[in-house]
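*Asks:* Sequence first, predicted coordinates after that:
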Protein chains: 4
Amino acid sequence: MQSPFLIPPFALECKTFAKTSFGASFNHPFVLSLADGSLDPKLFRFYQIQDAKYLEAFSDACAILSTKVKDPDDKLWFIDAARMALVVEGQLHLGYGKSLGYDAKTIANTEPTPNNLAYQNHMVATALQGTILEGLCAIAPCPWLYVELGQHILREKGSIPDDHPYASWLTMYSDPGFNEYMSNLLTRLQKYADLSDSESKNRAKVAFQQSCNYEWMFWEQAWTNQNWPSR
Amino acid sequence: MQSPFLIPPFALECKTFAKTSFGASFNHPFVLSLADGSLDPKLFRFYQIQDAKYLEAFSDACAILSTKVKDPDDKLWFIDAARMALVVEGQLHLGYGKSLGYDAKTIANTEPTPNNLAYQNHMVATALQGTILEGLCAIAPCPWLYVELGQHILREKGSIPDDHPYASWLTMYSDPGFNEYMSNLLTRLQKYADLSDSESKNRAKVAFQQSCNYEWMFWEQAWTNQNWPSR
Amino acid sequence: MQSPFLIPPFALECKTFAKTSFGASFNHPFVLSLADGSLDPKLFRFYQIQDAKYLEAFSDACAILSTKVKDPDDKLWFIDAARMALVVEGQLHLGYGKSLGYDAKTIANTEPTPNNLAYQNHMVATALQGTILEGLCAIAPCPWLYVELGQHILREKGSIPDDHPYASWLTMYSDPGFNEYMSNLLTRLQKYADLSDSESKNRAKVAFQQSCNYEWMFWEQAWTNQNWPSR
Amino acid sequence: MQSPFLIPPFALECKTFAKTSFGASFNHPFVLSLADGSLDPKLFRFYQIQDAKYLEAFSDACAILSTKVKDPDDKLWFIDAARMALVVEGQLHLGYGKSLGYDAKTIANTEPTPNNLAYQNHMVATALQGTILEGLCAIAPCPWLYVELGQHILREKGSIPDDHPYASWLTMYSDPGFNEYMSNLLTRLQKYADLSDSESKNRAKVAFQQSCNYEWMFWEQAWTNQNWPSR
């Protein structure tokens, strides 16, 4: 299908490079059962709590990038991206928290799973130590995959019935409002790719592919209630 | 006079420690002539352009702090503070830029003066390398002093006449809306002071005092059209 | 058994908290077969290349901590720790690289495994974003475990025969010279614990335990030739 | 005169860009009276204590850069540069400290002057937030200028008499051993310039020029016993 937002050359290069990893999430059993509504609410609750923690690190990575870019418009865009990650967390979890039984304190007291912590630190460390392009490539797969997933599920189903147990989640991520966000993100990706040498671009593509793998590993940690090897 | 917002103990300790430095700005010729309207518009233009650059670094320091605090409410507060610094920059400079003849490109192409760069790097380096408390103490004097200055000038004058050449500036910083911002900032200062050892508190007070000095030095660089010693 | 170096109270608290995770490595099949010499050289080669990459991140974490501590003696100690990690890498890999067939280029061109990257980013992100104590707790398990492992294996075997295929490795980590290093590290751990509030200490203990788990996961990635889920 | 070490094209571009600022130090009264031995020992003591603090920040900037470069040889080189800054501090100050009456505690308890703090934060913030090239350009003027100054004074005087009050200082910085260090530093500068876009190169040249100005401002703070505007 055609993308609802423009994909500039370097973004396309990243996605092509990480094609298998990006696509793997579409067939993960967690995603399939989330889409058809058969997902055990306990697994969804586990997923949501881990996701809330993840979004804090996503916000951190965006905030760090806001301090590295020089253009005030870019600075503001990254701050708004950091903000949105936290606000989305707040809104989504207020609703699901009530029905599934968790709140801000539950989130704060839950340790991230190994796959979650690995993904979080990947974004944060790449934003802190890498170039702007590398940092951007580490955060891009999360919104990109969710938007594609949301719109893919919506297309498959035709519409999201109100009584679908995960309607709020599906509705949020299939929202066309995300297309503009994605378009802005990928435009910036291109801008910083144009300023980068080939070594940095290669590292950025690897960071992108790693984040695509981390996306799959995120579904996996939720599906398996992942825990640390030992305590 | 009484502060229009609550000053918790550690904030008071900082302000007492830095009393002379904090107070020095009230009598700087730049401030006095800004208040009475006699300030040369060329000096105000110089000041505004440097200020726009300064606010970008203030935003960076807040963004960095947002990544260091763990509590999502605090995280959001710092992101909003980073956001406000940039938005304020945008709004104020759109108006004054038109009447005084400068725009985003002018700002981008202007090198910060020595005093400005020193202040910017002080905030950013303290936020990055110091504790949360030290970072907070490095950024607190800027809004605190501006709010007190704005309200002090308003009290002195009774009201700001519409035809005062710097009415927008004076009105903005005497806005009681800043009181809530300050109250939130100082509450967080106390929270992180309560978690800090005495060495860190001492370093934080020194960082606060240095920022108070940098505030005075900021007026000074504008008043003297400061330049680098040599080119 | 008695530790050959002094273990101050907070270090003991960390080790007790992470007892099971710390101990798990002693029984990992990779470690057992490394000790008895039966380990497949291909697995050891895989391990060594990943380890070389790991040590670069360990060096980074130490370098970051050197910039956060204020005392020049502490600063120098962390720089020396960063240095040693790289020099050890160089020396060990020069020897094993020749016999097992890899060099600096092989190391540079190898992508870290998921478990390795997760561990690296855990150390780096904790050093960058956490307190000094948290950063120290993220790096401490690596040398501590290796020293205990090396000395444990030496005790079990009585001595390391020259013709043991992994003699250089075993000799290096059972070297009593590491005891002074550990003693210095744990003394600093106590110093910064004494300056920390209880929340930060709790986070530090969790970071310590996570690193103990990452140690086990590091043997595991080598034992299983771990790869990313998809490409 | 001819440089005793190779100056690759980008280094030359920086030095040409900052020619006046680089050259200004050669005629500063502090430098002239240091060279002819007439400098008041009290001023030299003031300078040395501030310099010791400065070298800690120089070490920090090098340590930060060591974590950003990927090549292990570069990593080690920056760690060694960080190390040397601290060791030089230690050695020089042990000797002068005894004769001029100051020690490690004096250094720790002295607040940096405004010019010193500004220079320190410039190096640290540029290393943390800028590209590798920008960070390198912020630290390069310090050793480069000292080596040129040291060798210039030696040439002017023919030799350093043992009874010159500042013989240790002059001997250290005219030591040809620094030529190799400079050669290695400037080779790396070229390497990272080759990987940089033109915007980043421009920012790097500005950072270089600012550091040249900060060098002059460092003599100035010592010459004037600079203090903060108010306390």
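*Replies:* Perfect, thanks for sending it. As the structure is a computational prediction, the values presented were derived from the model and not from experiment.

*Asks:* Helices of chain A, start to end?
*Replies:* Assignment of helices within chain A using DSSP state H yields the ranges A:9-17, A:19-24, A:29-36, A:41-68, A:72-100, A:104-109, A:114-129, A:132-139, A:141-157, A:167-173, A:177-194, A:198-223.

*Asks:* can you tell me which residues contact the most centrally placed residue in chain A?
*Replies:* Nearest residue to the geometric centre of chain A (CA atoms, centre = their mean): residue A:142, 2.1 Å. The contact partners of residue A:142, by CB atoms under 8 Å, 6 or more residues apart in numbering or on different chains, come to A:58, A:211, A:215. For glycine as for every other residue, the C-beta is placed from the backbone atoms N, C-alpha and C.

*Asks:* Let me know the pLDDT of the first one.
*Replies:* Okay, so that is residue A:58. Predicted confidence (pLDDT) for residue A:58: 98.

*Asks:* Identify the residue spatially nearest to it, adjacent ones excluded.
*Replies:* residue A:85 (4.6 Å; CB to CB, 6 or more residues apart in numbering or on different chains).

*Asks:* Residue A:169 touches residue A:91, doesn't it?
*Replies:* No - contact criterion CB atoms under 8 Å: residue A:169 and residue A:91 do not qualify, at 11.5 Å.

*Asks:* quick one: which of the two has more around it?
*Replies:* Each of residue A:169 and residue A:91 has its neighbours counted (other CB atoms under 10 Å in any protein chain shown); residue A:169 has more, 23 against 12.

*Asks:* which ones are touching the more buried one?
*Replies:* A:34, A:92, A:96.

*Asks:* and these as a markdown table, adding neighbour count, pLDDT and distance to residue D:156?
*Replies:* Converted to a markdown table, the contacts of residue A:169 look like this (neighbours: other CB atoms under 10 Å in any protein chain shown; pLDDT from 0 to 100; distance: CB to CB, whole Å):
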| residue | neighbour count | pLDDT | distance to residue D:156 |
| --- | --- | --- | --- |
| A:34 | 23 | 97 | 78 |
| A:92 | 17 | 80 | 72 |
| A:96 | 22 | 91 | 77 |
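
*Asks:* Out of those, which comes closest to residue B:102?
*Replies:* residue A:92 (42.5 Å; CB to CB).

*Asks:* Return the residues in contact with the closest one.
*Replies:* So residue A:92 contacts A:48, A:168-169, A:172 (CB under 8 Å, 6+ apart).

*Asks:* out of these, who's nearest residue A:28?
*Replies:* Distances from residue A:28 to these, taken by CB to CB, are shortest for residue A:169, at 15.0 Å.

*Asks:* Model confidence score at that closest one, please.
*Replies:* At residue A:169, pLDDT is 91.

*Asks:* same check, this time on residue A:1
*Replies:* pLDDT for residue A:1: 56.

*Asks:* do the same with residue A:177
*Replies:* 87.

*Asks:* Quick one: name the residues of chain A near chain C.
*Replies:* Residues of chain A lying near chain C by CB under 8 Å from any CB of the partner chain: A:20-21, A:24, A:60, A:111, A:114, A:117-118, A:120-122, A:124-125, A:128-129, A:206, A:209-210, A:213, A:216-217, A:220, A:228-231.

*Asks:* Can you list the low-confidence ranges for chain A?
*Replies:* A:1 (pLDDT under 70).

*Asks:* Those residues of it touching chain B, which are they?
*Replies:* Checking chain A against chain B by CB under 8 Å from any CB, the hits are A:56, A:59-60, A:63-64, A:66-67, A:70-72, A:75-76, A:79-80, A:82-83, A:86-87, A:89-90, A:104, A:107-108, A:124.

*Asks:* Kindly recompute the last result at 7 Å.
*Replies:* Taking CB under 7 Å from any CB of the partner chain, the part of chain A that reaches chain B is made up of A:56, A:59-60, A:63-64, A:66-67, A:72, A:75-76, A:79, A:82-83, A:86, A:89, A:104.

*Asks:* and of those, the nearest to chain C?
*Replies:* Nearest to chain C among those is residue A:60, at 7.6 Å by CB to the nearest CB.

*Asks:* and the nearest residue to that closest one once chain neighbours are set aside, how many neighbours?
*Replies:* Among residues not flanking residue A:60 along the chain, residue B:67 sits closest, at 4.0 Å (CB to CB, 6+ apart). Other residues within reach of residue B:67, judged by other CB under 10 Å, total 26.

*Asks:* so residue A:221 makes contact with residue A:115?
*Replies:* Yes - at 3.9 Å, residue A:221 counts as touching residue A:115 under the criterion of CB atoms under 7 Å.

*Asks:* ok now do residue A:147, which residues does it touch?
*Replies:* Residue A:147 makes contact with A:173, A:178, A:182, according to CB atoms under 7 Å, 6 or more residues apart in numbering or on different chains.

*Asks:* tally of neighbours for the closest residue to residue A:195 other than its chain neighbours?
*Replies:* Excluding its sequence neighbours, the residue lying closest to residue A:195 (CB to CB, 6+ apart) is residue D:197, at 4.4 Å. The local packing of residue D:197 (other CB under 10 Å) involves 14 other residues.

*Asks:* now the one 3 residues further on
*Replies:* The number of residues packed near residue D:200 is 22, by other CB under 10 Å.

*Asks:* That one and residue D:136 touch, don't they?
*Replies:* No - between residue D:200 and residue D:136 there is no contact, the gap being 11.3 Å when judged by CB under 7 Å.

*Asks:* Could you measure from the residue lying closest to residue A:40 once chain neighbours are set aside over to residue A:153?
*Replies:* The shortest distance from residue A:40 to any non-neighbouring residue, by CB to CB, 6+ apart, is to residue A:33 (7.9 Å). Distance from residue A:33 to residue A:153, counting by CB to CB, to the nearest Å: 12 Å.

*Asks:* And for residue A:221?
*Replies:* Distance from residue A:221 to residue A:153, by CB to CB: 21 Å.

*Asks:* ok, these two, which is more surrounded?
*Replies:* Set side by side, residue A:221 and residue A:153 show more neighbours around residue A:221, with 24 against 21, by other CB under 10 Å.

*Asks:* what about residue A:16, how many residues close to it?
*Replies:* Neighbours around residue A:16, by other CB under 10 Å: 10.

*Asks:* what does chain A put close to chain D?
*Replies:* Counting by CB under 7 Å from any CB, chain A sits next to chain D at A:67-68, A:129, A:195, A:197, A:199.

*Asks:* Which one of the contacts of residue A:142 is nearest to chain B?
*Replies:* residue A:58 (11.1 Å).

*Asks:* which residues touch stretch A:100-116?
*Replies:* Outside stretch A:100-116, the residues within contact range by CB under 7 Å, 6+ apart are A:41, A:44-45, A:48-50, A:52-54, A:97, A:120, A:217-218, A:220-221, A:226-228, B:72, C:118, C:206.

*Asks:* For ChimeraX, what selects the buried ones among those?
*Replies:* Selection of buried members from these for ChimeraX, criterion 16 or more other CB atoms under 10 Å in any protein chain shown:
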select /A:44,45,48,49,50,52,53,54,97,120,217,218,220,221,226,228 /B:72 /C:118,206
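
*Asks:* I figured residue A:14 hits residue A:208, correct?
*Replies:* Yes - using CB under 7 Å, residue A:14 is in contact with residue A:208, at 4.4 Å.

*Asks:* just to revisit the earlier point, with the residues of chain A next to chain D in mind, which one is nearest to chain C?
*Replies:* Closest to chain C, out of all of those and judged by CB to the nearest CB, is residue A:129, at 6.7 Å.

*Asks:* Just give me the neighbour total for the nearest residue to residue A:210 once chain neighbours are set aside.
*Replies:* Once flanking residues are discounted, residue A:210 sits nearest to residue A:122: 6.2 Å by CB to CB, 6+ apart. Per other CB under 10 Å, the neighbour tally for residue A:122 reads 25.

*Asks:* Tell me the spacing between residue A:122 and residue B:152.
*Replies:* Counting by CB to CB, the gap from residue A:122 to residue B:152 is 49 Å.

*Asks:* quick one: contacts for residue A:167?
*Replies:* Residues in contact with residue A:167 (CB under 7 Å, 6+ apart) are residue A:160.

*Asks:* I'd like to know how far it sits from residue A:174.
*Replies:* For residue A:167, the distance to residue A:174 (CB to CB) stands at 10 Å.
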